[in-house]
Structures are given as structure tokens and as C-alpha cells.
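Chemist: Here is a sequence with its predicted model. Questions after.
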Number of protein chains: 4
Amino acid sequence: MRQRIRSYATSAYCETILDAAERLFVESGYHEARMSDLARAAGVSVGTLYKYFPSKERVFGSLVLRGRDEFLASMRREATEGLPEDRVLGVVRTALDSVERRGGLFALYVQVGALTESDIRRAGGEEAEAGYLEYLDLLRHALTDAVEAGVVRRDVPVDLLVGAIAGAVNIRIFAWVKSERKEPLAAHAEKVVQVFLEGARSR
Amino acid sequence: MRQRIRSYATSAYCETILDAAERLFVESGYHEARMSDLARAAGVSVGTLYKYFPSKERVFGSLVLRGRDEFLASMRREATEGLPEDRVLGVVRTALDSVERRGGLFALYVQVGALTESDIRRAGGEEAEAGYLEYLDLLRHALTDAVEAGVVRRDVPVDLLVGAIAGAVNIRIFAWVKSERKEPLAAHAEKVVQVFLEGARSR
Amino acid sequence: MRQRIRSYATSAYCETILDAAERLFVESGYHEARMSDLARAAGVSVGTLYKYFPSKERVFGSLVLRGRDEFLASMRREATEGLPEDRVLGVVRTALDSVERRGGLFALYVQVGALTESDIRRAGGEEAEAGYLEYLDLLRHALTDAVEAGVVRRDVPVDLLVGAIAGAVNIRIFAWVKSERKEPLAAHAEKVVQVFLEGARSR
Amino acid sequence: MRQRIRSYATSAYCETILDAAERLFVESGYHEARMSDLARAAGVSVGTLYKYFPSKERVFGSLVLRGRDEFLASMRREATEGLPEDRVLGVVRTALDSVERRGGLFALYVQVGALTESDIRRAGGEEAEAGYLEYLDLLRHALTDAVEAGVVRRDVPVDLLVGAIAGAVNIRIFAWVKSERKEPLAAHAEKVVQVFLEGARSR
DNA sequence: AATGAATGAGAGTTCATTCAT
DNA sequence: GATGAATGAACTCTCATTCAT
């Protein structure tokens, strides 16, 4: 019972800190954000920060990990259930939906993906990259299934298709992040997939 | 300010420093790279660095600016010449080609685009963003022309199409950066545009 | 203050804490040892530590005081009882014996004696120094008595003699501490005093 | 020539810093002294400190090393030249003389010898200890030679004699350090050695 | 009375920037 | 004009101390 309260409190602190870190890192960036800022933002002391996370890097790493796990969990369901044709839409919708709900985490996510800064990569990069790659993999599976079901063209390498749809999704997210996350995001899923499937050419 | 940029450009020192900075920032990232590292990489003293650039931020900003200008110059030609249908392909091919030739600058570019770190944004973010927006604008123009010429569908907002093609291009570049810039990049232009125009659906 | 020391002494907690502190400080040194380490070593909580001692410094001070009092109590007897000639040997033997029994306290003792660190001096230095000076004083008395009894030479200032014997004792203790307190120590008393009295010159 | 100026300046800075560190560490102790204090005491900036020494520990280590080398160099001469009987006096006189001239370094020296604090030991402890052991070794050699020359008694283990004389010397130094290094020190050499050789017993 | 999580001042260290040479 | 040693503000992280439970 004691332990449960303890572990509950521990995880509550962790979540509070990570929530604040997510806001702060997205807002100011990893380097700009100081540990004292994070402490203030989380409503705790610097010492408490270090009670729950051994370093600034590890705060970042945990943040990325937490997001990745949530993100992938919902994605996996969509990528493996339902009709092949619907799966692509499912993954896209879920991706946009997750991003919209998790606020700016995806910005960090992409940040890490794009970055070369070795200290951040050490902290969360590999995790994030692994997550990103798994996401692409889920898309690839969904598309492969669709190819095999005969609803997606065979004459183009699947990876090119993966790139096309993932890229379109990315750009939506970028635009949404740029708009300060005010517009709806997940609502774009259908149209994005439609254009992807039908192409831009007039008919 | 313009004049200062010009006078920078005329200086061989400036170019040398920016060349070194491009390599270094791409390799180690903005924060990881120290001014003394940059001095050594450029073969000059720290003092000389500060003779030509007032701060680290401004080195970065100038770098982005230089890249942007080169990038947009070649893009503008493609977006306004030739048959409407070919222009999209022209822009995409030029984008991929520029990126391939400028090596990792695009990595920095995207870094800044994706980043929210206020100090870097101050340094080069606005310029880079402006450049990115102009690039999207060029794409939008090319697509609008194609719509008007009747070769691209009317029933979808142009911005969605812009997103689709820009996203597909981005993803190619990401993949190329991840592969450590060893694979050919510009060669993908045709297929990317083809999938964009024809769609993924089998027929 | 005296009263407080008394009340400290009556508390079993105090003794437990001081015992742990003695081990810990000797092992790791004053600065290296953390209050949380001390709490764990003593089997109490940090809060309890602060219930009995107002600060880390005062733990150290009390430690030194406790050792000093025990040390001097046995010494005083030897310095004032028995034949004058034997008293020097008595003091030396008691000193070595106390040190051997109290384990590493003397290491701390000397640490404080030798140290100039103002915070530690504040904590225990003056007490320890007073104790050390009283010890030298007891030696001086014993030697003065021996001079008056005609068994020790008159032609050398007593302080020089005090230094000679105290120094020889110190070195033995140092050597013993260096050997990790494994060799017998008190057993050296006779020989030390013999060389002191007879001198090194061959005859 | 450039290089010589450079190396001269470098060593001048080093010396200045070490001089200040010696004063400061002796005065306030290793832990109490802050790097910013040291910078101020040396008349340089904190950054400069770190240009010449990679860490606080290494400042301390270098300090100990510098003192040890000076100390031993003069000692070695005395221990190997002249008549056997005079060598002991030579070593003692040189030891006291070095200490008197080097100010409080010996206090640090002994501090390290007596201390158990692992971080300081790491920094300078082994060097200091090695130096101290070599000093004792020089004494042992001088005494062994004297024994063989027949001027010092055979019936007592040499180590006991080494301890007796080294202890007497130590105590003199302690007393001198306690007196804030105001009294003459080297002047005691003859009497210390005389008592050591002749013993305390009246005759 | 006892606990130990929370606190926050203060430590060592780094590095963008300056300026005497 | 070019240099790079010197600067010191600002960072991350530690740990003696406090106080709600």
C-alpha cells in the first residue's frame, strides 16, 4: 500500500515533469531550455528533477520514449486490422490524430530525426529513430498488403509509395506545427490518402 | 544589411569560413560545434571569425542565407519556364539536384525549419523559413499553372497537392541524408512526380 | 553546551550515529561522506540525524569531542600516578593503546590537527586542538617531573623533549594508520620511550 | 623565440596560479577554496585557470608535485654527501629549511598524508605519499650509513630510529605551522638531532 | 517521534566573445 | 589585419538541510 502510493507519486512526478518538458522543449528547444526553467515549468525544484531523471539528456530521452510508445501502440492496431485498403487510411488517420493529441511532441520527434547533434541523438535519437522506422514499416506493411490485395499498383517500388504517403503526412504535421497547432489536423487524413491513391492528374 | 551581405560575399575569408561551417554544423550540429572548432576547420583564428561575423548565430544565419539564395535561384527558373506539366517535375528535379550538390546544407535547412529553438530561429530561422515558403510558393505556382492548363485535377485544394509533392520530396531527402548522402538523389525525381500525378491506386 | 553533550551522551541514537560517523568519516573522509550515507550507515533516517545533531559539522565536532574526552581521561591517570620515570612510558603506552582501541579516530584527530579548513576547524578543530594541547601538556608535566626527579636531562628545553617524544609517537601512529591498522601498536611503547631516553648514539 | 616567450608565459602563469593555490589551500583548505577564489587570488579569470589546469584536483596535484620535487632534490644531496654522522643533521636541516622557505606547503603535504579523502588522494595523494616515503627512505639510508660507520647504535631497528627523528622533525613543523610560520624553524635542526642522538636521559 | 522526498544555494566547468600584441 | 590567450556569465548537477506526513 505504502509502495503503491510511493510508486503512484513517483509516476505522477515523472509525468508532470515530462509534460512540462514536452511543452518547454517544444517551445524553446532542447538547448535553450534550462533545467531551472524546467523545474519552474513543472512546479518542482531542480533537485526533484534530478531525483527522477539523472540528467537533462535522460529527460529528453524519456520524453521521446514515452511518445514513441503511445504513438506506436495505436498505430499497430490500425496497420493490422480491417480491410487492406482501409489500413493505409487507418495508419494515416491515427498518426495525425496521435500527433494532434500529443501536441508538439512530434516536432521534437522530427527534430531528433533530422538532427545530427550527437548529444541529443545519444539521449533520444536512437529511440526516436527506431520509432520512426517502425512507423514507416507499419506503412510499408499496410501498403504491401494493399498491393497484394490488388488495390494498389504493382509497378512502383513500395518504398517510393511509403515515401509519398509519409511525406504528405509529414508536411501536414509541419504545417500544423507552424500554425501553432491551432487548426484541426486529423481531419486531413481522408484527403491526404485520397490524393495519394488517386494522384494529382486530372481525369 | 544587403550591402554587408554583399561585402561578406566578396570576401574569400567569408566563403572559406562558411564552407567550413557548413561541414562542421552538419557534422556536429550547431550547439556541439564550438567557435574554436570552426576556426580550426576554416584554417583561421577565432579573431578572424569575429572579424567577418559578429556572432556564432550570424555565421549560421549567413550559411542558411547563402544556401537559400543558391537554392531559390535555380528553382525560380524551373518554375516559370517550359510547359506547365513539366514545371512540377522541373522544380522537384532542381530541388533534389540542389540538395544533392550542396551536400548537407539541407540537413541544416530542415533542422532550422523543424526547430523551435529561439536562438537559432533568430539566427537563420526566419530567413530559412522565408526560403522554404518561397519554395512551396514556387511549387504552388507551378501546380496552379498546371491546374489552369488542365493537366492537374481541380477538385482538390492546391495546398493539399503542394503538401503531397513537397512531402514526397522531403522524405526522399531525409532518406538520402540518413544514408549519409551516398545514394543518388536527383535520379528519383521522375518517379516521385509520376506517383504524385498518377496516384498509388492500381488501375 | 555541556548539558547538551550530556543529553547527547545519554541517547542511544547519538552513540549509534557517532559510531557510524566515526567509521564513515575515517573511511571516506569528511567531505566525501554524505549525510544520507551517514543515515544509512547508522540505520536511521536523515531526519533523525538532524534531530540529534544540528549539522554535519556538529556531528564531526561531537565525534572529536567524544574521542578527546575518552583519550584524555585515561591519559590523565597515567601522567599523575606512579614513579616519575615511569610516567612518560605510561603516557606513551596509554596514548598508543587508546589510539589502537579507538580505531581510526586518531586519523580524524590528526586530520583536524593538521587541517586548516576553516569549516572543519570550526566544527571540531578547536576542541581537538585543545585536546592535543592538553595531551602535550600531560607529556610536559610528566617530563618536568622526571627532570625534577633527576632522571631526565636538564640541559635541553623541556619543549624540545616533548616534541621529540610526541613526534616519535605520532610517527608510530601514522605508520599504523597507513598499515590500515592491522599491526599491533601499543606494543611499540617501550622501544619508543627507550630510544627517546637513551638516544640513537652508539655507546 | 615565439615559442620560448610562449612557454615562458605559460610557465609564469602556472607558477602564479600554483603560488596562489598554495596560499589559498593552506589558508582555507582544499574544499573550502573555490575556483573563483583561486582565480581572484591569482589575479586571473576562472577561464584562465582552466586553460592551464584541467580541474581543481589537478591544481592540487601539481602543487603537491612541484613541492615534492623541490623538497626531494635538496634532500637527496644532503643524504648522500659528507660524513655519515653529519648526514642525518643535513637531512633534518634541509627538511626544516625547505619547509620554512616553502611556507605552508608542508601543511598540505601532511594533510594529504593524513587524509583519507579519496578525491584528494587521487589528485595528489599518491605523489605526496611517494615523496614522503622517499624522504623517510633518505633518512633511513643516512641512518643505515651511520650505523655502519659505528656512530649510531645497532641494537634498535633502524625503522624505529627513522620514526624517532622523523617524528621529532614533524612535530617541529606542526608547531611552526600552528604558530602561523612566524618563528624560525631551521634553527631547531641541531638541537633536534642532538636530543635524538644523545637521548633524554640525564647523565 | 521518525521518515525521506523536496528544496535551492552554490559548486565546478565550458565556451562565445574580446582585445592586447 | 590576424592572432589566440584571457575573460566571466551561465550552464548542469550535488547535497546539506527542511518539513509535511
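Modeler: Nice, thanks for sending it over. For clarity, every value in this text was computed on a predicted model and none was experimentally measured.

Chemist: C-alpha only now, for contacts and for neighbours.
Modeler: OK.

Chemist: neighbours of residue A:57, just the number please.
Modeler: 17 (other C-alpha atoms under 10 Å in any protein chain shown).

Chemist: Just read off the phi/psi values of it.
Modeler: phi -50, psi -40 (degrees, to the nearest 10).

Chemist: For the helix or strand hosting residue A:189, name the packing helices and strands.
Modeler: Here residue A:189, judged by DSSP states H and E, is contained in helix A:189-198. Where contact means 3 or more C-alpha pairs under 8 Å, 6 or more residues apart in numbering or on different chains; DSSP states H and E, helix A:189-198 is packed against helix A:84-101, helix A:158-178, helix B:158-178.

Chemist: can you rerun that using 7 Å?
Modeler: Contacts defined by 3 or more C-alpha pairs under 7 Å, 6 or more residues apart in numbering or on different chains; DSSP states H and E place helix A:189-198 against helix A:84-101.

Chemist: how big is the angle separating the helix it packs on from helix A:189-198?
Modeler: Interaxial angle, helix A:84-101 versus helix A:189-198 (axes from the mean of the first three to the mean of the last three C-alpha atoms, to 10 degrees): 140 degrees.

Chemist: Mind checking the pLDDT average for helix A:84-101?
Modeler: Averaging pLDDT along helix A:84-101 gives 85.

Chemist: chain center to it, what's the gap?
Modeler: 12 Å (C-alpha atoms, centre = their mean, to the nearest Å).

Chemist: Same check on stretch A:75-83?
Modeler: The answer for stretch A:75-83 is 17 Å, by C-alpha atoms, centre = their mean.

Chemist: Quick one: residues in contact with it.
Modeler: A:87, A:90-91, A:94-95, A:138, A:142 (C-alpha atoms under 7 Å, 6 or more residues apart in numbering or on different chains).

Chemist: The same query, at a cut-off of 8 Å, please.
Modeler: A:87-88, A:90-91, A:94-95, A:135, A:138-139, A:141-142 (C-alpha atoms under 8 Å, 6 or more residues apart in numbering or on different chains).

Chemist: go on, stretch A:155-175?
Modeler: A:92, A:96, A:99, A:107, A:136, A:139-140, A:143-144, A:185, A:188, A:192-193, A:196, B:114, B:163-172, B:191-192, B:195-196, B:200.

Chemist: Which PyMOL command selects the buried ones in the residues you listed?
Modeler: In PyMOL, a selection of the buried entries from these looks like this (16 or more other C-alpha atoms under 10 Å in any protein chain shown):
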select buried, (chain A and resi 92+96+99+107+136+139+140+143+144+185+188+192+193+196) or (chain B and resi 114+163+164+165+166+167+168+169+170+171+172+192+195+196+200)
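
Chemist: near DNA strand F too, which of the contacts of stretch A:155-175?
Modeler: With C-alpha under 7 Å from any atom of the strand as the criterion, these include none near DNA strand F.

Chemist: Residue ranges of each domain in chain A, please.
Modeler: By the assignment in automatic domain parsing, chain A contains the domains A:1-54, A:60-200.

Chemist: Turn these into CSV, including distance to residue C:38.
Modeler: Listed next are the domains of chain A as CSV, based on distance: least, C-alpha to C-alpha, whole Å:
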stretch, distance to residue C:38
domain A:1-54, 19
domain A:60-200, 32
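
Chemist: Where among these is average confidence lowest?
Modeler: domain A:60-200 - the lowest mean pLDDT of those, at a mean of 79.

Chemist: Which strands or helices does the top helix by length along chain A pack on?
Modeler: Across chain A, the longest stretch assigned as helix under DSSP state H is helix A:2-28. On a contact count with 3+ C-alpha pairs under 8 Å, 6+ apart, helix A:2-28 meets helix A:35-42, helix A:46-52, helix A:56-80, helix A:105-114.

Chemist: Which strands and helices lie in contact with the shortest one?
Modeler: In this structure, helix A:46-52 packs against helix A:2-28, helix A:35-42, with contacts taken as 3+ C-alpha pairs under 8 Å, 6+ apart.

Chemist: tell me the most buried of the ones you listed?
Modeler: Mean neighbour count (mean count of other C-alpha atoms under 10 Å in any protein chain shown) peaks for helix A:35-42 among the helices and strands packed on helix A:46-52, with a mean of 18.

Chemist: May I have that one as CSV, with CA atoms only?
Modeler: This file holds the C-alpha atoms of helix A:35-42, laid out as CSV (Å, rounded to 0.1, in the frame of the first residue of the first chain):
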residue,chain,number,x,y,z
MET,A,35,17.0,22.8,-16.1
SER,A,36,15.8,25.6,-13.8
ASP,A,37,13.2,26.6,-16.4
LEU,A,38,12.0,23.0,-16.5
ALA,A,39,11.8,22.9,-12.7
ARG,A,40,9.8,26.1,-12.7
ALA,A,41,7.6,24.9,-15.5
ALA,A,42,6.9,21.6,-13.7
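
Chemist: Quick check: beta-bridge partners of residue A:152?
Modeler: residue B:201 (DSSP bridges).

Chemist: Give me the neighbour count for the residue in chain A that chain C sits nearest to.
Modeler: Closest residue of chain A to chain C, C-alpha to the nearest C-alpha: residue A:51 (13.8 Å). Residue crowding around residue A:51 was assessed by other C-alpha under 10 Å; the count is 13.
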